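Student: sequence? don't have it. structure:
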């Protein structure tokens with residue numbers, strides 16, 4: 001029997017025994033410098049993390065500043081992270097919140113082979129989900145694209161979690177955010193994610209999903225804010 005025939009038979013046996021299509025894409029095993037592992041998802045031609053980042057060291061092993069006090073957070077012009085309300089229990093579910101200085105640090109916050117998405121990469125995702133190109137630069141954008149990204153129940157999202165289907169597999173969780181000038185807000189109500197693109201010397205672009213609607217908000221926030229981070233494959 002020819003080698004090619006043997007290979008075909010072997011693949012068919014694997015398919016029957018495992019129920020996996022021989023053309024199915026193998027899942028990416030993603031691990032950060034701290035040993036945390038993450039689910040990933042292919043959306044269009046991009047591979048995204050399907051969980052929020054929860055790393056506490058840069059890629060070279062240097063600790064990211066862990067800052068809890070509001071007065072210290074406000075004064076920062078260097079990378080920092082925290083848990084929502086400084087509760088590690090929240091971090092277990094929603095990941096950590098990072099200021100934009102941590103996102104922009106040359107030591108890299110993302111796992112090897114991955115990076116924090118640029119504005120253009122966020123827009124590529126949004127376009128794939130159906131957002132018209134004419135709306136990409138707007139603040140309140142789209143109709144149901146945000147719903148396609150939100151976890152599709154109210155286990156973590158406040159009711160009604162409007163339009164949530166998670167058909168993309170992005171599985172966005174409402175981790176809230178930390179204000180640049182005072183404390184925490186919107187756990188259960190809002191998912192907020194940094195891009196790696198600055199809009200000026202003091203602000204950078206971010207994405208927000210909200211519990212009462214299914215659009216995607218694009219806002220350039222003060223770099224001192226703390227938002228969740230999702231990474232995309234290089």
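Tutor: Okay, I see it. Just so it is clear, the structure is predicted and the values come from calculations on it, not from any experiment.

Student: And the helices in this protein?
Tutor: Under the criterion DSSP state H, helices of the chain are mapped to 3-18, 70-74, 88-94, 100-104, 119-128.

Student: residues in contact with residue 96?
Tutor: Neighbour list for residue 96: 52-56, 81-83, 228-229 [criterion: CB atoms under 8 Å, 6 or more residues apart in numbering]. Every C-beta, even on glycine, is put in place using the N, C-alpha and C of the backbone.

Student: Excluding sequence neighbours, find me the nearest residue to residue 178.
Tutor: Of all residues not flanking residue 178 in the chain, residue 226 sits nearest, at 3.1 Å (CB to CB, 6 or more residues apart in numbering).

Student: er, residue 208 I mean
Tutor: Nearest one to residue 208, counting by CB to CB, 6+ apart, is residue 217 at 4.1 Å.

Student: for residue 180, same thing?
Tutor: In space, and not counting its chain neighbours, residue 180 is closest to residue 224: 3.3 Å by CB to CB, 6+ apart.

Student: so how many other residues sit close to that neighbour?
Tutor: 20 (other CB atoms under 10 Å).

Student: Surely it is in contact with residue 181?
Tutor: Yes. Between residue 224 and residue 181 there is a contact at 7.2 Å, judged by CB atoms under 8 Å.

Student: Mutual contacts of those two, please.
Tutor: residue 74.

Student: So residue 82 versus residue 179, what's the distance?
Tutor: Separation of residue 82 from residue 179 (CB to CB, to the nearest Å) stands at 12 Å.

Student: which residues do the two both contact?
Tutor: Residues touching both residue 82 and residue 179 by CB under 8 Å, 6+ apart: residue 226.

Student: what's near enough to touch the residue nearest to residue 178?
Tutor: Counting by CB under 8 Å, 6+ apart, residue 226 touches 73, 80-82, 97-99, 177-179.

Student: would CSV of those with distance to residue 161 and neighbour count be doable?
Tutor: CSV is the format used below for the contacts of residue 226 (distance: CB to CB, whole Å; neighbours: other CB atoms under 10 Å):
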residue, distance to residue 161, neighbour count
73, 29, 23
80, 30, 22
81, 27, 24
82, 25, 22
97, 21, 28
98, 25, 26
99, 27, 29
177, 18, 23
178, 22, 26
179, 24, 17
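
Student: what two of the residues you listed are the furthest from one another?
Tutor: 81 and 179 (15.1 Å; CB to CB).

Student: Tell me how far residue 141 lies from residue 211.
Tutor: Separation of residue 141 from residue 211 (CB to CB) stands at 17 Å.

Student: And stretch 132-151, how far out from the chain middle?
Tutor: 16 Å (CA atoms, centre = their mean, to the nearest Å).

Student: May I have the distance across that stretch, first residue to last?
Tutor: Start to finish, the residues bounding stretch 132-151 are 23 Å apart (CA to CA, to the nearest Å).

Student: and what of stretch 213-232?
Tutor: End-to-end distance for stretch 213-232, by CA to CA: 25 Å.

Student: bridging residues for residue 219?
Tutor: Note on residue 219: beta-bridge partners by DSSP bridges are residue 206.

Student: That one: neighbour count?
Tutor: Using other CB under 10 Å: residue 219 sits among 15 other residues.

Student: for residue 107, same thing?
Tutor: 13.

Student: Relative to residue 173, how far out is the nearest residue in space to it that is not next to it in sequence?
Tutor: The shortest distance from residue 107 to any non-neighbouring residue, by CB to CB, 6+ apart, is to residue 58 (3.6 Å). According to CB to CB, residue 58 and residue 173 sit 24 Å apart.

Student: Neighbours of residue 65, how many?
Tutor: By other CB under 10 Å, 17 other residues sit near residue 65.
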